[in-house]
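>>> sharing a sequence plus its predicted fold:
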Amino acid sequence: MAKRGPAVAVAGLTLGALGVVALLAVQAEGTTAKASVAGPPPSASSAPPGSPPPSASPSPTILPLPPTATGIAVLRVVYSVGAKQVWLVDPKKDPEVQAAFAVTPGSVNPAPGNYTVYSRSAGANGTDGKQIEHVVRFAQQGGTVFGFSAAVDGSTPAADPKTKTGGIRTDRADGQTLWDFAPDGTRVQVLP
């Protein structure tokens, strides 16, 4: 029988290690592909076992700040009625858009223009009878008060067209972000 030197042993160990690394890489790639096909793992707030699965509603697409809202060197909340979206803009920061999120408008929309936050309430009752929080009011037109708020129960249903309301609903996290960003005197730019 022929003698094997240390170089042969090291070469064999090296080839074995490379084989294991290659196998792990293939397995990892397969796991990643399965995860991307299956979607994200269920969250902690998933329904209990035996209940029907939640409906898969697509999350709204957050659009970039419209060109008509750029070039203004003022801290402001930009609200697009058509896009149903809000951007929190601080021109002194990079990037200037500090947050952007979808909203659910009331049954009446404010006219396009520039307004100022004139009143805030930590909590109140909405015109739909829901408890709301982080109320940031910026306009009154034709007897309708316009402002941003979040329902305490986290809901953002479409406004009842039979009820005249100017409340623009956010989810609770976005409502907190807007509340922290926009004290009294903050500009609100409403776009069509």
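That came through fine.
>>> what's the neighbour count on the closest residue to residue 117 other than its chain neighbours?
Spatially, and ignoring its direct neighbours in sequence, residue 117 is nearest to residue 186 (4.5 Å; Cβ to Cβ, 6 or more residues apart in numbering). The way it works is simple: take the backbone N, C-alpha and C, and place the C-beta from them, glycine included. If you count neighbours by other Cβ atoms under 10 Å, residue 186 ends up with 20.
>>> what residues are up against residue 186?
75, 76, 77, 116, 117 (Cβ atoms under 8 Å, 6 or more residues apart in numbering).
>>> in a markdown table, list those residues along with pLDDT, secondary structure and neighbour count.
Shown next, in a markdown table, are the contacts of residue 186 (pLDDT from 0 to 100; DSSP: H, G, I helix; E, B strand; the rest coil; neighbours: other Cβ atoms under 10 Å):
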| residue | pLDDT | secondary structure | neighbour count |
| --- | --- | --- | --- |
| 75 | 96 | coil | 19 |
| 76 | 97 | strand | 23 |
| 77 | 98 | strand | 22 |
| 116 | 98 | strand | 13 |
| 117 | 98 | coil | 21 |
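>>> looking at those, which is nearest residue 145?
residue 117 (12.4 Å; Cβ to Cβ).
>>> tell me the spacing between the closest one and residue 69.
17 Å (Cβ to Cβ, to the nearest Å).
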